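>>> please find the sequence and the predicted model below.
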Amino acid sequence: MTERVLIVEDEAKIALLLRDYLRADSFDVDILDHGDVVVEFVRANQPDFILLDLMLPGTSGLDLCREIRAFSDVPIIMITARVEEIDRLLGLELGADDYICKPFSPREVIARIRAIQRRMRRKIDTEASATVLSYLGLRIDLERFEARVDNALLDLTPLEWRLLHKLMSKPGRVYSREVLMNAIYDDNRIVSDRTIDTHIKNLRNKLKAADAGSEWITSVYGVGYKLD
């Protein structure tokens with residue numbers, strides 16, 4: 001299946017040049033030139049990659065990266081003429097997968113995309129081969145569908161187990177409620193934030209019952225939850 005790249009760039013010459021090179025390399029391409037329409041487009045169309053300019057009319061690239069990361073893991077390469085170290089670090093801390101500065105070669109951008117594709121394939125292969133995830137004293141067995149704290153078996157519902165599995169996939173990462181809902185409900189049902197909060201509360205109680213001295217799941221105000 002052909003992968004789709006979203007170019008978010010308000011300089012038409014750059015956007016069209018990238019489009020032509022990407023199409024020649026067998027990608028489908030969409031172009032947006034204003035920050036305020038990006039999040040809605042990503043939600044509706046789910047591109048496979050995003051090339052995101054930092055300086056845009058409307059919502060900035062950094063703010064867009066933060067908003068998109070609240071509900072999607074789509075790879076994001078940030079593109080900018082600003083080369084200051086703080087911008088680069090901030091972009092990556094907000095969840096960008098890579099960063100490239102203008103002027104650049106379109107072939108370099110394609111090479112960066114291909115490198116991310118290879119990393120993603122290796123990650124998928126590694127996750128597919130792994131049957132056990134461990135973090136500190138917490139352990140889940142994907143084949144046995146079991147979760148343990150210091151070898152004490154947790155009595156989890158299927159939804160709680162999926163929720164714990166998602167949190168354990170990247171300990172320390174903050175997951176929004178929307179991302180967690182998508183992880184535990186595979187039928188695209190609409191549920192409220194309170195539903196996730198209830199599942200988190202129940203999971204916390206079961207973890208505390210098995211290990212009273214630890215606070216495994218941390219709330220990040222206004223964002224979501226993380227395993228800490």
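Ah, there it is. Numbering: from 1, shown residues only.
>>> any stretches of the chain with poor pLDDT?
1, 83-93, 123-130, 186-193, 212-213 (pLDDT under 70).
>>> one more pass at 80, please.
Residue ranges of the chain with pLDDT under 80: 1-2, 82-95, 120-131, 151, 185-194, 211-215, 222-223.
>>> nearest residue to the residue most central in space within the chain other than its sequence neighbours?
Nearest residue to the geometric centre of the chain (Cα atoms, centre = their mean): D73, 2.5 Å. Excluding the flanking residues, the one nearest D73 by Cβ to Cβ, 6 or more residues apart in numbering is V179, at 7.9 Å. Every residue, glycine included, has its C-beta placed from N, CA and C.
>>> chain neighbours aside, what residue packs nearest to L227?
The shortest distance from L227 to any residue other than its chain neighbours is 4.1 Å, reached at L167 (Cβ to Cβ, 6+ apart).
>>> may I see the buried residues of the helix ranked longest in the chain?
Of all the segments of type helix in the chain, defined by DSSP state H, the longest one is helix 106-129. Neighbour-count burial for helix 106-129, with 16 or more other Cβ atoms under 10 Å as criterion, is recorded at 106, 109-110, 112-113, 116.
>>> what residues does stretch 155-162 touch?
Contact with stretch 155-162 is made by 140, 145, 147, 164, 183-185, 199, 202-203, 206, as judged by Cβ atoms under 8 Å, 6 or more residues apart in numbering.
>>> list the contacts of I113.
I113 neighbours (Cβ under 8 Å, 6+ apart): 5, 27, 49, 75, 77.
>>> on that earlier part again, what about the residue nearest to L227, how many neighbours?
As a burial measure, L167 scores 25 neighbours (other Cβ atoms under 10 Å).
>>> what does it show for phi and psi?
When quoted as degrees, to the nearest 10, the phi and psi of L167 stand at phi -60, psi -40.
>>> E178 now?
According to degrees, to the nearest 10, E178 has phi -60, psi -40.
>>> please parse this structure into its domains.
Using automatic domain parsing, the domain parsing of the chain gives 4-127, 130-227.
>>> SS state for the residue nearest to the centre of the chain?
For D73, the assignment made with DSSP: H, G, I helix; E, B strand; the rest coil gives coil.
>>> now it: how far from L52?
For D73, the distance to L52 equals 15 Å [Cβ to Cβ, to the nearest Å].
>>> from N202, how far out is the residue nearest to the centre of the chain?
25 Å.
>>> what's the answer for K13, then?
Distance from K13 to N202, by Cβ to Cβ: 54 Å.
>>> can you check Q117 too?
In terms of Cβ to Cβ, Q117 sits 38 Å off from N202.
>>> go on, N151?
Per Cβ to Cβ, N151 is found 22 Å from N202.
>>> same check, this time on F27
Applying Cβ to Cβ to F27 and N202 gives a distance of 43 Å.
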